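K.L.:
Have a look at this prediction, sequence included:
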Amino acid sequence: MTTTAGPTAERYGDHLFHHGHPSEFARLSAMAAALDPGSRAHLTGRGVGPGWRCLDLGAGTGSVSRWLAEQVGDGGEIVAVDQDVRFLSGIEEGNVTVVEADVTAEDFAPGRFDLVHARFLLMHLREREAFLARVVDWLRPGGWLVVSDAADLGTPSSDNAAYRATMAAYWHAVAATLGSDITFGRRYPRPLAALGLGNLGVGVHFPVVAAGSGIAECWRLTLEQTRNHVLATGAVTAETIDETLRYLAAPTTWDLSLAMMTAWGRKV
Ligand SMILES: C[S@@+](CC[C@H](N)C(=O)[O-])C[C@H]1O[C@@H](n2cnc3c(N)ncnc32)[C@H](O)[C@@H]1O
């Protein structure tokens, strides 16, 4: 496991969470199923509608881009950006443009968009704050920035010890490997306030972990993919991870895990 943060440090998708992993599409789809209701509510609350020009950063499977495309209609425009666009094939028709790029190296014309959206991207970017400052330039005056990231509000208070320990080790492993910051979203909307945005707000979407739920399936696939990294922390044993996987699949399980913190602000 690497802890270096220099230019050669491992980044999201280099190895861990690479889109070529056999279960990555299923993992991101399960995540999207758990989060989309919250994202749609928050975006609807910002008034997204016909004619809007929207940028979806780190678009993943494109579930939000696709939904935005329906909201803005033929007169609007969606630009969906991801460093790996293999899961976005098929959405590029009509008002959707797909761009394969590292978002931190990309640039757009100042004032081009009515809405910039990024879900579960900033927490994984090592240069999240500097990048966020650049993103604001791409908004027109009055345009909305809507960003969502995870906060681990659910597992520390779980009464299942194996689940508590495994999730703590998981967040430690992704921080050490990718530089991911599980505390960034918990501080919303302060990072947006620091950029001078107005009309600030925060919403919390808290999916319930139960057998067959999108979030339980997402965790099953995530722990499967990160198992060696979680074990390498030395904080949990293979048996503890397996006990957690049985807990996530049990028909009697009702629990909480990550909360999706969504912050929004308007360029003045
Ligand atoms: C956790 S997934 C979230 C996907 C989607 N936003 C969602 O919430 O359903 C993070 C996504 O961001 C993309 N990503 C991560 N770092 C990126 C970067 N530097 N440039 C472009 N895309 C990036 C990944 O390829 C992945 O699709």
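P.N.:
Here it is on my side, so go on.
K.L.:
Could you list the buried residues of the helix or strand residue 147 falls within?
P.N.:
Per DSSP states H and E, residue 147 falls inside strand 139-151. Within strand 139-151, the residues scored as buried using 16 or more other CB atoms under 10 Å are 139, 143-151. (Glycine included, C-beta is placed from N, CA and C.)
K.L.:
Repeat that for stretch 245-252.
P.N.:
Residues 245, 247-248 are the ones in stretch 245-252 that count as buried (16+ other CB under 10 Å).
K.L.:
Of these, which is the nearest to the ligand?
P.N.:
residue 248 (18.6 Å; CB to the nearest ligand atom).
K.L.:
which one is that closest one nearest to, not counting chain neighbours?
P.N.:
In space, and not counting its chain neighbours, residue 248 is closest to residue 216: 4.8 Å by CB to CB, 6 or more residues apart in numbering.
K.L.:
can you pull out the helices in the protein?
P.N.:
Secondary structure of the chain by DSSP state H: the helices cover 24-45, 63-72, 128-137, 161-178, 190-193, 214-232, 238-249.
K.L.:
possible to save the buried residues of stretch 245-252 as TSV with pLDDT?
P.N.:
Shown next, in TSV, are those (pLDDT from 0 to 100):
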residue	pLDDT
245	98
247	98
248	97
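K.L.:
and these as TSV, adding distance to residue 182?
P.N.:
Shown next, in TSV, are the buried residues of stretch 245-252 (distance: CB to CB, whole Å):
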residue	distance to residue 182
245	21
247	20
248	19
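K.L.:
Now for residue 109: which residues touch it?
P.N.:
By CB atoms under 8 Å, 6 or more residues apart in numbering, residue 109 lies in contact with residue 138.
K.L.:
Relative to the ligand, which of the helices of the chain is closest?
P.N.:
Taking CB to the nearest ligand atom, helix 24-45 is the member of the helices of the chain nearest to the ligand, at 4.3 Å.
K.L.:
List the buried residues for the closest one?
P.N.:
Under the neighbour-count criterion of 16+ other CB under 10 Å, helix 24-45 has 24, 27-36, 38-40, 42-43 buried.
K.L.:
And the buried residues of stretch 245-252, which is closest to residue 157?
P.N.:
For the buried residues of stretch 245-252, the residue nearest residue 157 by CB to CB is residue 247; the value is 15.0 Å.
K.L.:
Please report how far that closest one lies from residue 155.
P.N.:
Residue 247 sits 11 Å away from residue 155, going by CB to CB, to the nearest Å.
K.L.:
what is in contact with these two at once?
P.N.:
Residues touching both residue 247 and residue 155 (CB under 8 Å, 6+ apart): 163, 255.
K.L.:
before we move on, back to that, and the ligand, which of the buried residues of strand 139-151 contact it?
P.N.:
Counting by CB under 6 Å from any ligand atom, the subset of these that neighbours the ligand is empty.
K.L.:
re earlier: output the helices of the chain as TSV; include the columns distance to the ligand.
P.N.:
Below are these laid out as TSV (distance: least, CB to the nearest ligand atom, whole Å):
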stretch	distance to the ligand
helix 24-45	4
helix 63-72	6
helix 128-137	8
helix 161-178	9
helix 190-193	17
helix 214-232	10
helix 238-249	19
